[in-house]
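*Asks:* Predicted model and sequence follow; I will ask about them next.
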Amino acid sequence: MAAETRAEAARADAARAREDGARALDQARADAARERDELHEAMEARIETAAEARATALEEARADLRARAERAERELDQARGELARLRQDAVGEAEQATTRPPRRRRGQASEES
């Protein structure tokens, strides 16, 4: 009987050890799942932050390029206006040169005399 009692005690110890092992394994799995979820959330947050920073940088670059383009368009319009005035002045001067008689200098006789 003592052998049976020891065998039964050994089986009970083995059952407790299996239950303890199963609980420890379940706890380890739960801890691993929690840690995995936390890491996943942290990585998503970092990715989102990086994406937002990149979007902000792109928006700033776009605004800068737009401002530069608008400034270049204004400068081009000014240059076109100045070119048009210069051309008009040149045409006016050419017309005046062809309609005006040549100037005589003092002391010079006219060619007709």
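*Replies:* All right, it came through fine.

*Asks:* Next one: Asp26 from Ala45, what distance?
*Replies:* 29 Å (Cβ to Cβ, to the nearest Å). (Glycine included, C-beta is placed from N, CA and C.)

*Asks:* what's near enough to touch the residue of the chain most remote from its centre?
*Replies:* The C-alpha centroid of the chain is most remote from Met1, which lies 82.3 Å away (Cα atoms, centre = their mean). Not one residue lies near Met1 by Cβ atoms under 8 Å, 6 or more residues apart in numbering.

*Asks:* likewise Asp20?
*Replies:* Contacts for Asp20 (Cβ under 8 Å, 6+ apart) come out as none.

*Asks:* pLDDT score for it?
*Replies:* Asp20 is assigned 96 on the pLDDT scale.

*Asks:* Which helix or strand contains the residue most central in space within the chain?
*Replies:* Nearest to the mean C-alpha position of the chain, by Cα atoms, centre = their mean, lies Leu58 at 1.9 Å. Assessed by DSSP states H and E, Leu58 sits inside helix 2-99.

*Asks:* what comes up buried for stretch 46-59?
*Replies:* Within stretch 46-59, no residue qualifies as buried by neighbour count (16 or more other Cβ atoms under 10 Å).
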